[in-house]
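Asks: Make a model of this:
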Amino acid sequence: MSEHHTGPVEVGAAMNYSEHEKTYDGFLAAAKYGTMLLTVLMIAMAVGFFTTGGLFGGFLVFVILTVAGFVLLR
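Replies: Presented below is the predicted three-dimensional model:
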């Protein structure tokens, strides 16, 4: 603030667009697969707690739906 500039206002460094797009693609993938995993976990917990499936039934549902989710979301 103590310096006095008479030239044009600096707008910041140049963006590296390839890095920006890689970061954005990574964020989208994390959001997509994270949402899928949380949804599958909730379904598996419902099967495990509220049906006669129990722990192993819920785990089996979790594994099957997780594999199906990764295949379908590719």
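Asks: Which positions in the biggest helix by length in the chain come out as buried?
Replies: Taking DSSP state H as the criterion, the chain has its longest helix at helix 17-50. Within helix 17-50, the residues that qualify as buried are 36, 40, 44, 47-48, counting by 16 or more other C-beta atoms under 10 Å. No exception for glycine: its C-beta is placed from N, CA and C like everyone else's.
Asks: pLDDT on stretch 17-29, on average?
Replies: The average of the pLDDT scores along stretch 17-29 is 94.
Asks: thinking again about what came up before, is it possible to get JSON lines of the buried residues of helix 17-50 that adds distance to residue 59 and pLDDT?
Replies: Conversion of those to JSON lines gives the following (distance: C-beta to C-beta, whole Å; pLDDT from 0 to 100):
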{"residue": "36", "distance to residue 59": "17", "pLDDT": "97"}
{"residue": "40", "distance to residue 59": "11", "pLDDT": "97"}
{"residue": "44", "distance to residue 59": "7", "pLDDT": "96"}
{"residue": "47", "distance to residue 59": "9", "pLDDT": "94"}
{"residue": "48", "distance to residue 59": "7", "pLDDT": "93"}
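Asks: now the end-to-end length of stretch 41-58.
Replies: Using C-alpha to C-alpha, to the nearest Å, one end of stretch 41-58 lies 9 Å from the other.
Asks: Run the chain-centre distance for that stretch.
Replies: Stretch 41-58 sits 24 Å away from the centroid of its parent chain (C-alpha atoms, centre = their mean, to the nearest Å).
Asks: Same question for stretch 34-42.
Replies: Taking the mean of its C-alpha atoms, stretch 34-42 sits 10 Å from the chain's own mean (C-alpha atoms, centre = their mean).
Asks: Name the surrounding residues that touch it.
Replies: 62, 65-66, 69-70, 73 (C-beta atoms under 8 Å, 6 or more residues apart in numbering).
Asks: ok, those vs residue 17, which is closest?
Replies: Within the contacts of stretch 34-42, proximity to residue 17 (C-beta to C-beta) peaks at residue 73, which comes in at 25.9 Å.
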